[in-house]
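Peer 1: need coordinates for the following:
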Amino acid sequence: MKHCFAFLLLLVAAAAQAQVTFKLTSVPANTPATATLYMAGTFNNWNPGSAAHTLTKNADGTYQITLPQTTGTIEYKFTRGAWSAVETSATNGSVPNRSYTFGTAPATVTHTVLNWEDLAGGGGSCQSSALASVRVMSTAFPIPQLNRTRRVWLYLPADYATSTKRYPVLYMHDGQNVFDKCTSFSGEWGVDETLSQLQQQGLDPTGCIVVAVDNDGAQRLNEYSPWNNPQYGGGQGDQYVDFLAQTLKPYIDTNYRTLTGREYTSIAGSSMGGLISVYAALKYPNVYSKVGVFSPAFWFAEQPLFQYVQEHPANPNTRFYFVSGTQESQTMVPLMQRMRDALQTGGVPATNLSFNSIADGQHSESFWKREFGAAYRWLMAATPTATKNSQLALAFSAYPVPAKDAVTVQLPESVKEARLEVLDSTGRLVLKSKVRTGQAVDVSTLPKGAYFMRLTAGKLAGSQTLIKE
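Peer 2: Just a heads-up that it's a prediction; the model follows:
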């Protein structure tokens, strides 16, 4: 018995010795005396204000945090609780992610912070990498479902201003990282450059509008999961995806020339953004038809997520593109594969599922930037219909939604007339009409609620959700 007890003591001592301490030996002189510093990285889904990863301030003015021993390599940065207050270089430019590879012995890793982004002139010498076709649509777009506001970015194709055509729309999360290196916290995706190059090369003749919503930093994990993780949070994902579908999309469709049907509406994100993108497509099957899933954090809500997939099968005409690195974590590829299989079991055909596990892939913006073009081209290569497989997608627009009295329908030039049908939540046909482009359809007699709208013209078909106010 004594030997067993002694062995247990040795295990406890070894575990304690295996801890790694990260120490900041110097911080900028203008760091507020009351500031709380945090460590954010791959180990906490880049949460810039994780209470579990607060640094302790020592009497000598240094800061430190001790992490338990693990395996592999982590990437990280230091913040003052938000990505707007992340560490930067001496000239206030973006700095590469720090990294540490765990060994078997205890260690102390020392760092210095040269600057804080918000305390060094709001950008310093950093030159924006966003193209002129990128704009900040709003610095404080209302999220009524969460009683918050958020910065929203908009990318318009190069020919938007000189054409009258309408465009598909891609919605993305973590907007800080989508277009501009100066606002990113761990690198940018360069989505604007990729899409611009594809258009110039003739590989994307249609073009696409991209709407990117910033994360809130402290609320990121809460908003990107409908379910609570006892250790990390979550639970506000329902309200967040409601905001995207019920508030943001109607605004975009009303104010920009968009193709409003599900066949031309996509959603994409990485890590937690990958999780919430899949959930959004499952909860709103009549809104999204294409889903880009980059290194998804399915582990965050594994049990409730897969139960939800089973109880709410995806629209079989929805296309899912999965991509991750094989070494990102022990669970990354297995859970991604499990999700693909669950979707296929639920009725999504293999032709609508692209699964890509890549040996050198990392949980980083640089990897997702590299893979975005291939994902985009695959997702946009086919436009699934909401009806028969033999039908092609109808490039139509119907707005405003929500609608009070009437909905205006825009059809492509090649289509002179289409048949419109509106079904209620039970699938009962409540309105039908023949429409021409520019025609306003009277919906004033419909009771308030959500409906399914379908348009067909020969071998073309399209659909979308109709909200009646």
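Peer 1: tell me which element the closest residue to residue 120 other than its chain neighbours falls in.
Peer 2: Once flanking residues are discounted, residue 120 sits nearest to residue 92: 4.0 Å by Cβ to Cβ, 6 or more residues apart in numbering. The C-beta positions use only the backbone N, C-alpha and C, and glycine is treated the same way. Using DSSP states H and E, residue 92 maps to neither a helix nor a strand.
Peer 1: residue 151 reaches residue 143, doesn't it?
Peer 2: No: here residue 151 does not reach residue 143: they are 11.2 Å apart, not a contact under Cβ atoms under 8 Å.
Peer 1: settle it for me: which of those two has more neighbours?
Peer 2: Using other Cβ atoms under 10 Å as the criterion, residue 151 and residue 143 rank with residue 143 on top: 21 against 18.
Peer 1: so which strand or helix has the closest residue to residue 178 other than its chain neighbours?
Peer 2: Counting by Cβ to Cβ, 6+ apart, residue 178 lies nearest to residue 212, which is 4.1 Å off, once chain neighbours are set aside. Residue 212 is part of strand 209-213, with elements assigned from DSSP H and E.
Peer 1: which residues sit against the helix or strand following that strand?
Peer 2: Next along the chain after strand 209-213, taking DSSP H and E as the criterion, comes helix 220-223. With contact meaning Cβ atoms under 8 Å, 6 or more residues apart in numbering, helix 220-223 is reached by 45-47, 146, 174, 215-216, 229, 232-237, 239-240, 272, 276, 300.
Peer 1: how about a cut-off of 6 Å?
Peer 2: The contact list for helix 220-223 (Cβ atoms under 6 Å, 6 or more residues apart in numbering) reads 47, 232, 233, 234, 236, 240.
Peer 1: closest to residue 33 out of the residues you listed?
Peer 2: Using Cβ to Cβ, residue 47 comes nearest to residue 33 of the contacts of helix 220-223, at 24.1 Å.
Peer 1: tell me the secondary structure at the closest one.
Peer 2: Following DSSP: H, G, I helix; E, B strand; the rest coil, we place residue 47 in the coil state.
Peer 1: ok, now which ones touch it?
Peer 2: Residue 47 makes contacts with 40, 221, as judged by Cβ under 6 Å, 6+ apart.
Peer 1: 57 is where my numbering starts, stick with that
Peer 2: With 57 as the first residue, the last one maps to residue 103.
Peer 1: check for me that residue 248 belongs to a helix.
Peer 2: Yes: counting by three-state DSSP, residue 248 falls inside a helix.
Peer 1: correct me if wrong: it contacts residue 235.
Peer 2: Yes: the pair residue 248 / residue 235 is scored as a contact, 5.1 Å apart, by Cβ atoms under 6 Å.
Peer 1: got any residues that touch both of these two?
Peer 2: Listed contacts common to residue 248 and residue 235 are residue 190; contacts here mean Cβ under 6 Å, 6+ apart.
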